[in-house]
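Novice: model the following, please.
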Amino acid sequence: KGLWSGAPFSFVGRHYEVSETTFSPAPLHEPRIPVWVAATWPARRPIQRAAKWDGVVLLNVSGPMPPLDEVTAVSDQMSTLTHGRPRLDVVIAGTTPPDAAAAGDAVRRYATAGATWWLETTDGQPGWDAALRDRIRAGPPQLRDT
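Specialist: Predicted structure coming up:
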């Protein structure tokens, strides 16, 4: 946070050191730039760290996207840890189909489970660039009521 203050900042800690420096210009966002902490479920310590900041980017080590029940569990845990503060972000990264309605259905399932942000990604497989262009051409996922 000190680097984002716009004032000279230095730090000496157990694992790293920052010589006096000033980041300029200071970010406009108040009180600071939002911080999302990456975590996997059921690892509790990263979730606890995320609750002290602005949210969690939920990762899945066994596949491309976290299962819906993990999203629900993390969302519930974040709500418990914040003790009435505004709800924190639960960020999911994944790949949606090029059809906007089908993409909306996929994103809605995660939103219903507690996700607040969707980051569109690619799997890096051959043809990913064309698939991503198709997804962009289709426009944002349409979140229609079911």
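
Novice: the bottom helix or strand of this structure by mean pLDDT?
Specialist: Across the helices and strands of the chain, the lowest-confidence element by mean pLDDT, DSSP states H and E is helix 128-138, at a mean of 85.

Novice: give me the packing partners of that helix, helices and strands only.
Specialist: Under the contact criterion of 3 or more CB pairs under 8 Å, 6 or more residues apart in numbering; DSSP states H and E, helix 128-138 touches helix 100-113. In short, each C-beta sits where N, CA and C put it, glycine included.

Novice: what mean pLDDT does the helix it packs on have?
Specialist: The average pLDDT within helix 100-113 is 90.

Novice: next SSE downstream of that helix?
Specialist: The helix or strand immediately downstream of helix 100-113 is strand 117-120, counting by DSSP states H and E.

Novice: what strands line up against that next one, and which way round?
Specialist: For strand 117-120, the paired strands and their directions (DSSP bridges) read strand 89-94 (parallel).

Novice: keeping just the C-alphas, turn the least confident helix or strand of the chain into PDB.
Specialist: Backbone C-alpha positions of helix 128-138 (Å, rounded to 0.1, in the frame of the first residue of the first chain) are rendered in PDB as follows:
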ATOM      1  CA  TRP A 128      -7.400 -20.600 -29.300                       C
ATOM      2  CA  ASP A 129      -6.900 -17.200 -31.000                       C
ATOM      3  CA  ALA A 130      -9.700 -17.900 -33.500                       C
ATOM      4  CA  ALA A 131     -12.000 -19.100 -30.700                       C
ATOM      5  CA  LEU A 132     -11.300 -16.000 -28.700                       C
ATOM      6  CA  ARG A 133     -12.000 -13.700 -31.700                       C
ATOM      7  CA  ASP A 134     -15.300 -15.600 -32.200                       C
ATOM      8  CA  ARG A 135     -16.200 -15.000 -28.500                       C
ATOM      9  CA  ILE A 136     -15.400 -11.300 -28.800                       C
ATOM     10  CA  ARG A 137     -17.500 -10.900 -32.000                       C
ATOM     11  CA  ALA A 138     -20.400 -12.500 -30.200                       C
END
